[in-house]
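> let me see the structure of the following:
(6 chains)
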Number of protein chains: 4
Amino acid sequence: MKISEMMEQFLNKDEESNMSEKQKKIVKAAIEMFSEKGFAATSTSEIAKKAGVAEGTIFRHYKTKKDLLISIVMPTIIKYVSPFFAKSFVQEVLENKYESFEVFIRKLIKNRYEFAKRNFPILKIYIQEVFYHEELRGEFQNIFLTHVYEKFIKIVKHFQEKGEIAEIPPESVVRMIISTVFGYMLARFLISPETNWDDELEIELTVRFIMNGLKNQE
Amino acid sequence: MKISEMMEQFLNKDEESNMSEKQKKIVKAAIEMFSEKGFAATSTSEIAKKAGVAEGTIFRHYKTKKDLLISIVMPTIIKYVSPFFAKSFVQEVLENKYESFEVFIRKLIKNRYEFAKRNFPILKIYIQEVFYHEELRGEFQNIFLTHVYEKFIKIVKHFQEKGEIAEIPPESVVRMIISTVFGYMLARFLISPETNWDDELEIELTVRFIMNGLKNQE
Amino acid sequence: MKISEMMEQFLNKDEESNMSEKQKKIVKAAIEMFSEKGFAATSTSEIAKKAGVAEGTIFRHYKTKKDLLISIVMPTIIKYVSPFFAKSFVQEVLENKYESFEVFIRKLIKNRYEFAKRNFPILKIYIQEVFYHEELRGEFQNIFLTHVYEKFIKIVKHFQEKGEIAEIPPESVVRMIISTVFGYMLARFLISPETNWDDELEIELTVRFIMNGLKNQE
Amino acid sequence: MKISEMMEQFLNKDEESNMSEKQKKIVKAAIEMFSEKGFAATSTSEIAKKAGVAEGTIFRHYKTKKDLLISIVMPTIIKYVSPFFAKSFVQEVLENKYESFEVFIRKLIKNRYEFAKRNFPILKIYIQEVFYHEELRGEFQNIFLTHVYEKFIKIVKHFQEKGEIAEIPPESVVRMIISTVFGYMLARFLISPETNWDDELEIELTVRFIMNGLKNQE
DNA sequence: CATGAATGAGACTTCATTCAT
DNA sequence: GATGAATGAAGTCTCATTCAT
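The predicted model follows:
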């Protein structure tokens, strides 16, 4: 699993850059192992060995193994989930600075695609572990509901009023869009990453699939 | 997680019915625990306690813990994946015994829905563990490719030739259908099972979403 | 530290005799080590080695190391503290079946002496650890207050009314008797066990010391 | 446990006053922790945190953790044990500058009481650890035997010759006095420090108890 | 067949101590 | 002198697996 590319992204961001070298190595090793074998099946000694540090060093920085998991995964999730639906963006959409729903959908998919491409190992860890750790679930729901769901619904209603998309319950619209996009990410990066994907094409097809699927059938 | 209902389904099937009472209890307990906590985080002693048998008894029936996982999960997966695309069914579709693509899609979704509803705990285990155990992955790909993929493609091409759906690469069509359906199952049973779902409606919306999404836009 | 003698006492009592051989070995080893090095400074691996069992075996019988401490020490303490002041005995004293306070004191000292002689390693562990573990402290206070203190006070008052001992606050009488007896046990078994003690004489002196100390000075 | 009061006493004495501020903080923290949790159960990092210094700083001043223990406890013990029986004092007693044994006993008890009151945390540490560390035991026996025991015996014999106390083996007399006084200190400061003690009264009762207990019963 | 005590490898974690800064 | 990150040995505890009963 090539991680180095996305590690640059993750580890050298402003906020995390106050990590020591050893800490970065630990986090890097942990991401690789958790992503490969799962959290529960990865031992701290493996992480230490892969990181080239003593096992005790891990626990100097992270009180428990679970701590390590959470402090790796949560910042990424927050960065994944919130910025796209940040107030400023939503405002721009609603104020008609975005010509059409299609533009919005296309931007959404491309953004998610870029992020997933960079951070897939961590997203994978998250997807696996969210079902077993309340802490992850709780925080995510929080973030998702306050930063994404309502705003997403608002945008959908906006374009329904403008007549661009069909009068389906907005909740179902959101569910279907997320399903489709998420399904693409899953197939692309998790299930069949080794396939030769023509991403440009797939994204375009997905946009059209969603647009047609939701189109107002006069 | 209520399992008893689906256990009837699973444990009393012809093939498994040669299980002893104890074996059934073990399998039932293992499914519940694996589904709840994940395979690696579940201990055999927990399973034994929940099943009301001695720890040793588990190992009399299943050589290792992993053995137990595989022998629980694989038959279910096979049953999930293969019958719908069994030769006989595909033949019927291609021989025009099915009036339209829509009928096919609706039947697909309803079938998957019913199966998932009954077997979700096991499917969840599978979804979680497939990424970490080659055995599971290998067998699944095998089954999927030989029993599903080709046949699915064939059906798609058939309806494209008939002009019912757009001329998109059939692989992408398949991917998008699976994404959409799978996304629905995930939301319905894994992410938000406690929500009050109007399944009839959601299924209908999903069918229309897919149909519109793929419609030949003359 | 010779323990075998008292182990006979402790391990083969009716209640404990349902211990397996291994359990007995573990308890025996634990008592020896705790008594020698203290609870916190004794490792479970030392105990296991000395007991000739695998380390895991300890934890099959005692959930934690502290569990082991408590389940060793508490029964002994209960046996040390309660029987002497059991209702039946106290009744006998108060009903004048015991001629004098001196008989009572002599019996008290001899009984404590015999018990301490047999169980000193465990008593030592208790004395050391009671200050750091609330569980021990709480249970002891309970037992002491309900089974010993009140009854002791009653006996003292009884003999004060009979004019055998001076009219000092009974609480102080009890405190001084206990101090004196306890001080003797401490010197005898803990501080200077290797000294050549003439126990008969010392006990007699102690009895007289207490009797004179408390005598009604006409 | 309020320590500040006695710390003044301990840390600002002539000899120790060459300690740096940090050193004093370390010693203070160590005393508090050792007294509360025991030596073995206290970690150097806890001490460092409580003292507000870095972990390494402790080891700059004390080569090992045990070093810290010994250099805290021993000076106090020496101060506890020796001065009262210093040559000059004993001489004064024997040269009849002290009218009676009772005066001696009363002075002894009051002196021990005052010292214990001030230094109980350290005495507690000592009492706990003396049984596990040869160094402590060895030094103490040394000091006790040369500075206390012989002189104490001499004083007892002196008053026995004067007919003030009974002709009991002087060793037993010493043992009983120490037991009684020590028992009082234990009850007062260790076992029941929260009780509302009337110390004046208790000391007086203890003096009389000992005096009567040892009186020459013509 | 079933049991459950026993095992020992290995999990997570703590801690006294060192050492470069 | 002081710091605190790093260490690695050792600690407590868990667990899949075995085997005598």
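> can you pull up the most central residue in chain A?
Taking Cα atoms, centre = their mean, the centroid of chain A lies closest to residue A:80, which sits 4.2 Å from it.
> just checking, residue A:182 touches residue B:183?
Yes. If you go by Cβ atoms under 8 Å, residue A:182 and residue B:183 touch, sitting 5.9 Å apart. Where you see a C-beta, it was placed from the backbone N, CA and C, and this is true even at glycine.
> give me the more crowded residue out of those two.
residue B:183 (23 against 18; other Cβ atoms under 10 Å in any protein chain shown).
> distance of that one relative to DNA strand F?
As judged by Cβ to the nearest atom of the strand, to the nearest Å, residue B:183 and DNA strand F stand 32 Å apart.
> again, but for residue A:202
Computed as Cβ to the nearest atom of the strand, the residue A:202 to DNA strand F distance reads 40 Å.
> can you give me the distance of that residue to residue D:26?
Residue A:202 sits 65 Å away from residue D:26, going by Cβ to Cβ, to the nearest Å.
> out of these two, name the residue with the larger neighbour count.
Taking neighbours as other Cβ under 10 Å, residue A:202 and residue D:26 compare with residue D:26 leading, 26 against 20.
> for the more buried one, what are its contacts?
D:47, D:48, D:51, D:53, D:57, D:58, D:61, D:62, D:68 (Cβ atoms under 8 Å, 6 or more residues apart in numbering or on different chains).
> what's the answer for residue A:176, then?
Residue A:176 sits next to A:210, A:213, A:214, B:180, B:183, B:184, B:205, B:206, B:209 when contact means Cβ under 8 Å, 6+ apart.
> try 10 Å
The neighbours of residue A:176, taking Cβ atoms under 10 Å, 6 or more residues apart in numbering or on different chains as the test, are A:168, A:210, A:213-214, B:180, B:183-184, B:187, B:202, B:205-206, B:209-210, B:213.
> what does residue A:189 give?
A:113, A:116, A:117, A:119, A:120, A:121, A:123, A:124, A:197.
> same thing but 6 Å
Going by Cβ atoms under 6 Å, 6 or more residues apart in numbering or on different chains, residue A:189 touches A:116, A:120.
> ok so it is a helix residue?
Yes. Assessed with DSSP: H, G, I helix; E, B strand; the rest coil, residue A:189 lies in a helix.
> any idea of the mean pLDDT for whichever strand or helix holds residue A:29?
Assessed by DSSP states H and E, residue A:29 sits inside helix A:21-37. Taken as a whole, helix A:21-37 has a mean pLDDT of 93.
> any idea how far that helix is from the middle of the chain?
From the chain centre to the centre of helix A:21-37 is a distance of 18 Å (Cα atoms, centre = their mean, to the nearest Å).
> then stretch A:66-74?
On Cα atoms, centre = their mean, the centre of stretch A:66-74 falls 15 Å from that of its chain.
> can you give the contact residues for that stretch?
With contact meaning Cβ under 6 Å, 6+ apart, stretch A:66-74 is reached by A:27, A:30, A:39, A:62, A:125, A:126, A:135.
> out of everything not next to it in sequence, what's closest to the first one?
Spelled out, it's residue A:27. Using Cβ to Cβ, 6 or more residues apart in numbering or on different chains and skipping residues adjacent in sequence, the residue nearest residue A:27 is residue A:72, 5.9 Å away.
> next, the angle helix A:21-37 makes with the helix or strand containing the one you found.
Element membership for residue A:72 (DSSP H and E) is helix A:65-81. Helix A:65-81 and helix A:21-37 are oriented at 80 degrees to each other (axes from the mean of the first three to the mean of the last three Cα atoms, to 10 degrees).
> right, and the helix or strand after helix A:65-81?
Scanning forward in sequence from helix A:65-81 by DSSP H and E, the next helix or strand is helix A:87-94.
> mind giving me the packing neighbours of that next one?
The contact analysis (3 or more Cβ pairs under 6 Å, 6 or more residues apart in numbering or on different chains; DSSP states H and E) places helix A:87-94 against helix A:150-161.
> low-confidence regions, chain A specifically.
Flagging of chain A using pLDDT under 70 yields the residue ranges A:1-17, A:217-218.
> one step back: including neighbour count and secondary structure, could the contacts of residue D:26 go into a markdown table?
Rendered in a markdown table, the data for the contacts of residue D:26 read as follows (neighbours: other Cβ atoms under 10 Å in any protein chain shown; DSSP: H, G, I helix; E, B strand; the rest coil):
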| residue | neighbour count | secondary structure |
| --- | --- | --- |
| D:47 | 24 | helix |
| D:48 | 20 | helix |
| D:51 | 22 | helix |
| D:53 | 19 | coil |
| D:57 | 17 | helix |
| D:58 | 23 | helix |
| D:61 | 16 | helix |
| D:62 | 20 | coil |
| D:68 | 23 | helix |
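> residues contacting residue A:214?
Residue A:214 makes contact with A:165, A:166, according to Cβ under 6 Å, 6+ apart.
> repeat that for residue A:109.
By Cβ under 6 Å, 6+ apart, the contact set of residue A:109 is A:181, A:203.
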